[in-house]
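Visitor: sequence and predicted model, in that order:
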There are 2 protein chains.
Amino acid sequence: MTASVPEYVVGLDVGGTAMKGGLVTREGRVTALDGRPTGRENGPEAVVDAVRAYAGELADLGSSLFGGPPVAVGLAVPGIVTSTTAMYSANIGWRQVPAAAFVPPGLPARLGHDVRTGGLAESVFGAGKDVDDFLFLPIGTGIAGAVVLRGEPYGGANGWGGEIGHAAVWPAGEKCACGQIGCLETYASASAIGRRYETRTGRAATAKDVVGLAASGDPAAQEVFGEAVEALAISLASYVLTMDPSLIVIGGGLSEAGPALFDPLRERLAARLTFRDPPPLCPAALGVQAGMLGAALLGWQAVGAHDVGRDWSLDVLRGGEVP
Amino acid sequence: MTASVPEYVVGLDVGGTAMKGGLVTREGRVTALDGRPTGRENGPEAVVDAVRAYAGELADLGSSLFGGPPVAVGLAVPGIVTSTTAMYSANIGWRQVPAAAFVPPGLPARLGHDVRTGGLAESVFGAGKDVDDFLFLPIGTGIAGAVVLRGEPYGGANGWGGEIGHAAVWPAGEKCACGQIGCLETYASASAIGRRYETRTGRAATAKDVVGLAASGDPAAQEVFGEAVEALAISLASYVLTMDPSLIVIGGGLSEAGPALFDPLRERLAARLTFRDPPPLCPAALGVQAGMLGAALLGWQAVGAHDVGRDWSLDVLRGGEVP
């Protein structure tokens, strides 16, 4: 590759139903593409084929944009995952899929867990870039966290860590879809907020609607949103006492509520902690692209370039969009 | 020092009211001494003096036993601590005490947090020696944990981690002495079990008494001990979901209840986890000497001997006792 041809990787964020891809140069120029369905209804092998086909399309697009193939592909995938194997996903149904199966022949590939890969991007150049130890907690349809320790997402002994959404906040409370009682997720995920409002009022609402209704004085919305905030405060207080993070980074759709979420959450977290101060709470910096950008960092890691990303600014997200 | 003189360190476990010391050779021959009061009532400076005097006595005893001075002193101390400074202890009242202040002039010294130092000993040659990632949870007058990650105790961003005893298990429950509501410690510490039994029955009892009474069918004891076990199960389930440890090691006085504690705790922990198996639960291996033995390991680390202890067997505890 000559000096005039920029080096780049393909980053791919594979969710349960959709995947997002992008091309990311070593300097952090980002070309983000629209999502694509995974075709989960066709079974796990079809999803692997769909991912590989999409990775191939992205590589072809990169070749025409940049004049050469990508140096590697990084992929964020759900479930239990090592850097070389997608071990298991309840959501998609695959087991023991090697990284190479997700990419066209000959391309180096590296895998990461979806939430932890988002946490990696937040750690390297996002909201957590100035600290070593933080919690990245995206709140969307579900809630799972990336425990970032000394700058690296930590998945536990077997990659099952970060399931903060299924730790109980009210252990004699409501039953969660997972079968356990009183899980954080069953009170505080965006979908739970909508569902619990509908259960009380008979009126369908998104979490965003509930936040707006609460602000305008709707008592049921205030109650449901207040319980979500209290559940988050209980959960975060436990995390803070156990892990003493420098920072808590809240992401996902619910974080878009802004001060309507962060102000009461800060207050309630402080109220739950009497003998120590809470760490700062801040919104994620990378939004819905965190997974794809983290996947790109994994791509760079696949070829030994572990420092790539440390000098990227948040302007990477304005690099270039191919709709 | 000639080859015929064994190398040894002084290990000192400094608690709030008492300290325990020992002499530990490179090969793991242990001479454990009886406890000594810290004299906390005389103020923090007097405690530092008392620790230094005791370290000097231990060094003198070592010189007469082994024919030469110790190579270093390791100390486990409460509060917030780095390897070189005892930053703060609410219990004793000191602030910013350098390691050198705790030992006679000229001896290398290294500090560690009391619970994490016990966790270090359990990690290097105790109950956690075969795994990298575990929780060490001593349950005594209070409850605090050592989060051991990749073989090293982890204290968080600022050394405030491990306060699992003050994470809420019933967040609308009883008030804890710390001012928070529903802390694990207020239900499940050994002192809480005795106190809660006395509150219900008017009869004074230790946790050991309550465990015995529960086994013999006393309903109040069964209720109090059952709530302690359930509180522990809730707390451990949250830890497991968040941190995915390979093992949970329970220490402290309550762990001496044996199967009366471990059997129902295993059952209730499993019942709190629906989509994953719990890790094994086992008792600590080193008992009340864990802190002193971990402090001895810190002493070896002070002179760069980071591998000392890896080949020690649990027989170290039978090495030699000076009453």
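Guide: That came through, no problem.
Visitor: kindly list the longest helix within chain A.
Guide: Ranked by residue count under DSSP state H, the longest helix found in chain A is helix A:219-243.
Visitor: heading C-terminal from the helix or strand hosting A:Val48, find the next helix or strand.
Guide: Using DSSP states H and E, A:Val48 falls within helix A:44-66. Next in sequence after helix A:44-66, counting helices and strands by DSSP H and E, comes strand A:73-77.
Visitor: which residues of the stretch 1-150 of chain A lie near chain B?
Guide: By the rule Cβ under 8 Å from any Cβ of the partner chain, the part of the stretch 1-150 of chain A lying against chain B is A:90, A:131-133, A:145, A:147, A:149. Using the backbone N, CA and C atoms, a C-beta is placed for each residue, glycine as well.
Visitor: one step back: who does the helix holding A:Val48 touch, helix- and strand-wise?
Guide: Where contact means 3 or more Cβ pairs under 8 Å, 6 or more residues apart in numbering or on different chains; DSSP states H and E, helix A:44-66 is packed against strand A:8-14, strand A:18-25, strand A:30-33, strand A:36-37, strand A:73-77, strand A:95-98.
Visitor: distance from it to the middle of the chain?
Guide: Chain-centre distance of helix A:44-66: 21 Å, with Cα atoms, centre = their mean, to the nearest Å.
Visitor: buried set for it?
Guide: Buried residues in helix A:44-66, defined by neighbour count with 16 or more other Cβ atoms under 10 Å in any protein chain shown: A:44, A:47-48, A:50-52, A:54-56, A:58-59, A:61-62, A:66.
Visitor: of the residues of the stretch 1-150 of chain A next to chain B - the most surrounded one?
Guide: Within these, neighbour counts (other Cβ atoms under 10 Å in any protein chain shown) peak at A:Gly145, which reaches 30 neighbours.
Visitor: on that earlier part again, so which of the residues of the stretch 1-150 of chain A next to chain B is the closest to chain B?
Guide: A:Asp133 (4.2 Å; Cβ to the nearest Cβ).
Visitor: quick check: closest non-adjacent residue to the closest one.
Guide: Spatially, and ignoring its direct neighbours in sequence, A:Asp133 is nearest to B:Ala157 (4.2 Å; Cβ to Cβ, 6 or more residues apart in numbering or on different chains).
Visitor: quick one: the one you found is in a strand?
Guide: No - according to DSSP: H, G, I helix; E, B strand; the rest coil, B:Ala157 belongs to no strand; its state is coil.
Visitor: list the contacts of it.
Guide: A:131-133, A:244-246, A:279 (Cβ atoms under 8 Å, 6 or more residues apart in numbering or on different chains).
Visitor: can you rerun that using 6 Å?
Guide: For B:Ala157, the contacting residues are A:133, A:244-246, by Cβ atoms under 6 Å, 6 or more residues apart in numbering or on different chains.
Visitor: over to A:Gly202?
Guide: Contacts of A:Gly202 were listed using Cβ under 6 Å, 6+ apart, and none were found.
Visitor: could you do A:Leu12 as well?
Guide: Contacts for A:Leu12 (Cβ under 6 Å, 6+ apart) come out as A:21, A:55, A:75, A:295.
Visitor: likewise A:Gly11?
Guide: By Cβ under 6 Å, 6+ apart, A:Gly11 lies in contact with A:22, A:24, A:74, A:292, A:295-296, A:299.
Visitor: quick one, grab the pLDDT at it.
Guide: Here the pLDDT value assigned to A:Gly11 is 98.
Visitor: again, but for the one 10 residues further on
Guide: Note for A:Gly21: predicted pLDDT of 96.
Visitor: quick check: bridge partners of it?
Guide: A:Leu12 (DSSP bridges).
Visitor: in a markdown table: the buried residues of helix A:44-66, plus distance to A:Arg268 and pLDDT.
Guide: Below are the buried residues of helix A:44-66 laid out as a markdown table (distance: Cβ to Cβ, whole Å; pLDDT from 0 to 100):
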| residue | distance to A:Arg268 | pLDDT |
| --- | --- | --- |
| A:Pro44 | 41 | 95 |
| A:Val47 | 40 | 96 |
| A:Val48 | 43 | 97 |
| A:Ala50 | 43 | 97 |
| A:Val51 | 41 | 97 |
| A:Arg52 | 46 | 97 |
| A:Tyr54 | 42 | 97 |
| A:Ala55 | 43 | 97 |
| A:Gly56 | 48 | 97 |
| A:Leu58 | 43 | 96 |
| A:Ala59 | 47 | 97 |
| A:Leu61 | 46 | 95 |
| A:Gly62 | 46 | 96 |
| A:Phe66 | 49 | 94 |
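Visitor: no more questions from me, cheers.
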